[in-house]
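Engineer: Got a predicted structure here, sequence first:
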Amino acid sequence: MTTAREQLIDLITSEAVFHGDFTLTSGKKATYYIDLRKLSLDHRAAPLIGQVMLDLIADVDGVVAVGGLTMGADPIASAIMHQGVARGEVYDSFVVRKAPKDHGRGRQVEGPDLEGKRVIVVEDTSTTGGSPLQAIEALEKVGAIVAAVAVVVDRQAPARERIEAAGYEYRYAIGLEDLGLLPQ
Ligand SMILES: O=P(O)(O)OC[C@H]1O[C@H](OP(=O)(O)OP(=O)(O)O)[C@H](O)[C@@H]1O
Ligand SMILES: O=C(O)c1cc(=O)[nH]c(=O)[nH]1
């Protein structure tokens, strides 16, 4: 029987890798784009993402919540939360807005109160690591303790180096080699 990770790799390879000329969040150019939103919002793939990410973060102690910079991170955090409940591993989820809300409570981090709580920043695809670093800045402003950054697909651009240089643990579930792609 194939594992959840193997099934997820098959789905990403066949349905979420697009070839062409792309501009990335960082402004870098690339000849392929991994559109994980296409799968994190898909009923076949979302439970697999939840399971693979639960396995990835299982040994990080004392974590009460997972989430990241909206919107790529949002369905990843939800998948972890829902699959976690099914496994008896309880995580809440949170959403970090790209900027604080300009009305209501003016929050940038939405969800449970995270002051003094250990959290994991999640991400769908990581290239430069700028998005998780932005999420970390907002989380630390509300007093959260970031235990690690956990990513579904790592593009082998400088995300690991930047996040580790900033003092945070970085781990990922699927690398370019798993998808038959070369770093750019
Ligand atoms: O490692 P980085 O250089 O930060 O790039 C990766 C980010 O880019 C994508 O999000 P995008 O900025 O396209 O926004 P979205 O999630 O709102 O679609 C992706 O979901 C990551 O969050
Ligand atoms: O760097 C990015 O912006 C990026 C690359 C990628 O492959 N997929 C994605 O969603 N964002």
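Structural biologist: Structure received. Ligands and ions are numbered 1, 2, ... in the order given.

Engineer: buried sites along the longest helix along the chain?
Structural biologist: Ranked by residue count under DSSP state H, the longest helix found in the chain is helix 73-87. Buried residues in helix 73-87, counted by 16 or more other C-beta atoms under 10 Å: 73, 74, 75, 76, 77, 78, 79, 80, 81, 83, 84. Bear in mind the C-beta positions are built from the backbone N, C-alpha and C, glycine included.

Engineer: Could you report the distance from the nearest residue to the last one once chain neighbours are set aside to residue 79?
Structural biologist: What it means is residue 84. Excluding its sequence neighbours, the residue lying closest to residue 84 (C-beta to C-beta, 6 or more residues apart in numbering) is residue 91, at 4.8 Å. To residue 79, residue 91 is 11 Å away according to C-beta to C-beta, to the nearest Å.

Engineer: Any idea which residue is closest to the centre of the protein?
Structural biologist: The centroid of the chain falls nearest to residue 123 when counting by C-alpha atoms, centre = their mean (1.6 Å).

Engineer: give the contact list for that residue.
Structural biologist: By C-beta atoms under 8 Å, 6 or more residues apart in numbering, the contact set of residue 123 is 68, 69, 72, 73, 76, 131, 132, 149, 150, 151, 152.
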